[in-house]
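Novice: just to be clear, the model below is a prediction. Sequence and coordinates:
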Amino acid sequence: MKPKTPLTTMTKKKYTGATLLTALLERQGIRQMPGIPGGAILPFYDALHTSPIQHILARHEQGAGFIAQGMARVTGRAAACVATSGPGATNLITAIADARLDSIPLVAITGQVAQSLIGTDAFQEVDFYGLTVPITKHNYLVRDVRELLHIVPEAFTLAESGRPGPVVIDIPKDVQIAAIELSDDELPAPGGCRPTPPAKDAEIDALARMLAKAQRPVLYLGGGIIAANASALAHELAKRLDAPAVSTLNALGAIPADSPHNMGMLGMHGTRATHTLLDECDLIIAIGARFDDRATGKVAEFCPRAAIAHIDIDRAEFGKIKRPHLSIEADAAEVLQRLLAHPLLHAEPGTPRASGWLARATALRDAHPLRHPSRETAPLHPVNICRFLAETLPSDAIIATDVGQHQMWVAQAYPFRSPRTLLTSGGLGTMGFGLPNAIGAAFAAPGKRIACVSGDGSLLMNIQELATLADHELSVAVLVFNNAHLGLVRQQQELFYGRRYEASRFETTPDFAALARAFGIRGHSIAANSADPLGDIAAALAQPGPCLIDIPIIATENVLPMVPPGAANNQSIEHAGAM
Amino acid sequence: MNASTIAQTHIIDLRVRNHPGVMSHITGLFARRAFNLEAILCVPVSGNDESRMLLLVNDTPKLEQIERQLAKLHDVLAVRQRTDLPPDYFERLGKSI
Ligand SMILES: Cc1ncc(C[n+]2csc(CCOP(=O)(O)OP(=O)(O)O)c2C)c(N)n1
């Protein structure tokens, strides 16, 4: 009789570093991965050939990095991107730095020259580990194929846990080629978000007491509220307290725009209503917000009468800019859930004083709307276009923006209804962000309509990704707010540099619609003298598939209100006549 | 330098993972914040898996922020202040090198 192989002997499988990396990424749930190949990462690409992971060939690594970001911003889960050593890797840097400042989970995988060549100025060698130390949560240079077993899951754990952020894995070519034998049970469990220790009961009590006592509380929501998936809870707290809520750029959508508690965006391009409320409030509840100077204006004059309660997952944020009276280091969703269950917050819903406060907020908001000409007289005023888009696009559409005036008009005027529907570069303010992020969003949210609102300057910074868009025929509409200027620069020169316009006007502007067609995408130009320009936009949007719509706007239009950089928020310029 | 300009110093004790690149994470953090490291002492411990670092830094309001940022680094396992060491600890060490 033939002896049976004992069940306990696990058969060993042969891997190379490259096939092991592929297997580990598959186990992480990576289904799509944008990137661009090159010599130092070719073993990995070879392994991808037989993997179910769909590689998305971008046209620039910055595009690949931002496509991955778009996926991560929409799903909240870490996305991965890949580049070769040297120039491939350095091209990723802007997308990594951007992810860092907006706390977006991202795992960037880069090829590196073989270890025997490291430090010799070899072809396409650059110290990517050194370059990414200051812009990542953590980074790795893999020295041995075995290390991949703990590095890959750990990279995903780090990217998603606590305050999310980017992680780099730099892999020398010899490590990708190295052979290893492993049994299935030697493969690690996939990494992922680690739970944060809960807040202490005493902290929740103290916060509840603070809130119960406050007469004029304001919720100040930052991007962390989206990262923590705590938007609905924040809205619930605003209702329970009868309190208005202000949002940073990155928190727009956390509270639906049409909620009576929503006061819109605070800070540099916030309205007089939000500034006044913050001047008058006696308690600020900052949640996942980091007191960025774009939000606070001159810090010394931010919320002068308010006590500050600060809830954040990152302890280093407490007291960085403003010293809080109470700080709670924990997950925002967990804190809000427990807070809402606290007896003190059930006492008497809406004391007369408290409801008077919300009425005050509503009155302020009604008294200080955005000033802009009517749709009938100026259909192509950017505020009118944004509002029109909101009526025309499906209510669950995702809007990606670039950086500039158009971004701020979207932030001010587009009524975001739910979290993760605005993808925008808040912290780094990166031109070129919009198109690739929109592409990533389209991959992550199939079936949804994605619109990318861009400027004629920003779009040119990653226009090559129109080719990627054409490859995949994604449902992305690119709307160019075309003012033939670096508009936000022009605006600052007008307001703060004595109208000395230097390098803010384009000598030539491309025919964007023709460019789109050259890339294989539908291109539309809206005629400035059209009888119904908004109707023309709607007609272009009504057709399925990717398209670009070039929309002429008045070059001298300014985004107002605006707080001069460095000034206190209450010194904002309200309208053209006030300058 | 007269006595009044000599800043109060602190000694920070770090327990870190021992592998190449850890030092650049730590010194980079100080450099980015324009915060001078007056002295560094680093020795491997626990059979070379970990290192122990003593950092001599000036006492400023920024220090607390720096400590929190240090604690966030994945390779930093523990951060504490060493008030038990004499203020001239590094000075004496310097003389012995
Ligand atoms: C990569 C990058 N370079 C420079 C800037 C500085 N910057 C901020 S807004 C802006 C102008 C943007 O112009 P455009 O995309 O046409 O948008 P608009 O302001 O006209 O709406 C510039 C140059 C930036 N934010 N990002």
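Specialist: Good, I have the coordinates.
Novice: pull up the residues of chain A that are close to chain B.
Specialist: A:129-130, A:133-134, A:137-139, A:141, A:158, A:314-316, A:318-320 (CB under 8 Å from any CB of the partner chain). C-beta here means a position set from N, CA and C on the backbone, and glycine is covered the same way.
Novice: cutoff 6 Å now
Specialist: A:129, A:133-134, A:138, A:315-316, A:320 (CB under 6 Å from any CB of the partner chain).
Novice: and those, which of them are buried?
Specialist: Neighbour counting by 16 or more other CB atoms under 10 Å in any protein chain shown classes A:129, A:133, A:138, A:315-316, A:320 among the residues of chain A next to chain B as buried.
Novice: so which of those residues belong to strands?
Specialist: residue A:138 (DSSP state E).
Novice: OK, contacts around residue 75?
Specialist: Looking at chain A here, since you left the chain open. Residues in contact with residue A:75 (CB atoms under 6 Å, 6 or more residues apart in numbering or on different chains) are residue A:444.
Novice: let's do chain B instead
Specialist: So residue B:75 contacts B:16-17, B:22 (CB under 6 Å, 6+ apart).
Novice: helices along chain B, start to end?
Specialist: B:22-32, B:62-72, B:89-96 (DSSP state H).
Novice: mind checking those helices for the one nearest to chain A?
Specialist: helix B:62-72 (3.8 Å; CB to the nearest CB).
Novice: and that closest one, what does it pack against?
Specialist: strand B:76-81 (3 or more CB pairs under 6 Å, 6 or more residues apart in numbering or on different chains; DSSP states H and E).
Novice: can you give me how far the strand it packs on is from the chain middle?
Specialist: Centre-to-centre, strand B:76-81 and its host chain are 10 Å apart (CA atoms, centre = their mean, to the nearest Å).
Novice: and stretch A:514-524, by the same measure?
Specialist: So, by CA atoms, centre = their mean, the centroid of stretch A:514-524 is 27 Å from its chain's centroid.
Novice: separation between the nearest residue to residue A:209 once chain neighbours are set aside and chain B?
Specialist: Once flanking residues are discounted, residue A:209 sits nearest to residue A:344: 6.4 Å by CB to CB, 6 or more residues apart in numbering or on different chains. According to CB to the nearest CB, to the nearest Å, residue A:344 stands 30 Å off from chain B.
Novice: tell me how far residue A:344 lies from the ligand.
Specialist: 45 Å (CB to the nearest ligand atom, to the nearest Å).
Novice: next one: residue A:206
Specialist: From residue A:206 to the ligand the distance is 40 Å (CB to the nearest ligand atom).
Novice: tell me how many other residues crowd that residue.
Specialist: By the measure other CB atoms under 10 Å in any protein chain shown, the count of residues near residue A:206 is 15.
Novice: who's in contact with it?
Specialist: Residues in contact with residue A:206 (CB under 6 Å, 6+ apart) are residue A:326.
Novice: need the pLDDT of it.
Specialist: pLDDT, residue A:206: 98.
Novice: so where does it fall, helix or strand?
Specialist: Taking DSSP states H and E as the definition, one finds residue A:206 inside helix A:201-213.
Novice: if we can go back for a sec, out of the helices of chain B, which is closest to the ligand?
Specialist: Closest approach to the ligand among the helices of chain B (CB to the nearest ligand atom): helix B:22-32, 20.5 Å.
Novice: buried set for that closest one?
Specialist: For helix B:22-32, by 16+ other CB under 10 Å, it's B:22, B:25-26, B:29-30.
Novice: now the residue nearest to residue A:395 when sequence neighbours are not counted: how far from residue A:172?
Specialist: Once flanking residues are discounted, residue A:395 sits nearest to residue A:417: 6.2 Å by CB to CB, 6+ apart. From residue A:417 across to residue A:172, the span is 47 Å (CB to CB, to the nearest Å).
Novice: between those two, who's got more neighbours?
Specialist: residue A:172 (23 against 16).
Novice: name all residues that make contact with that one.
Specialist: A:112, A:114-115.
Novice: what of residue A:135?
Specialist: A:96-97, A:100.
Novice: so which of those wins on neighbours?
Specialist: Highest neighbour count within these: residue A:96, with 26 neighbours (other CB under 10 Å).
Novice: can you tell me the element the residue nearest to residue A:245 when sequence neighbours are not counted falls in?
Specialist: Leaving out its chain neighbours, the residue that sits closest to residue A:245 by CB to CB, 6+ apart is residue A:219, at 3.9 Å. Element membership for residue A:219 (DSSP H and E) is strand A:217-221.
Novice: contacts for that strand, please.
Specialist: Contacts of strand A:217-221 (CB under 6 Å, 6+ apart): A:234, A:238, A:241, A:243-247, A:251, A:254, A:277, A:281, A:283-287, A:289.
Novice: swap in stretch A:318-334?
Specialist: Against stretch A:318-334 from outside (CB under 6 Å, 6+ apart): A:196, A:198-199, A:203, A:206, A:224-225, A:228, A:230, A:233, A:287-288, A:291, A:299, A:307-311, A:313, A:315, A:335, B:65.
Novice: among those, name the buried ones.
Specialist: The neighbour-count test (16+ other CB under 10 Å) marks A:196, A:199, A:203, A:224-225, A:228, A:230, A:233, A:287-288, A:291, A:307-311, A:313, A:315, A:335, B:65 as buried among the contacts of stretch A:318-334.
Novice: quick one on the thing from earlier: so of the contacts of residue A:172, which ones are in strands?
Specialist: Short answer: the contacts of residue A:172 in strands (DSSP E) are residue A:112.
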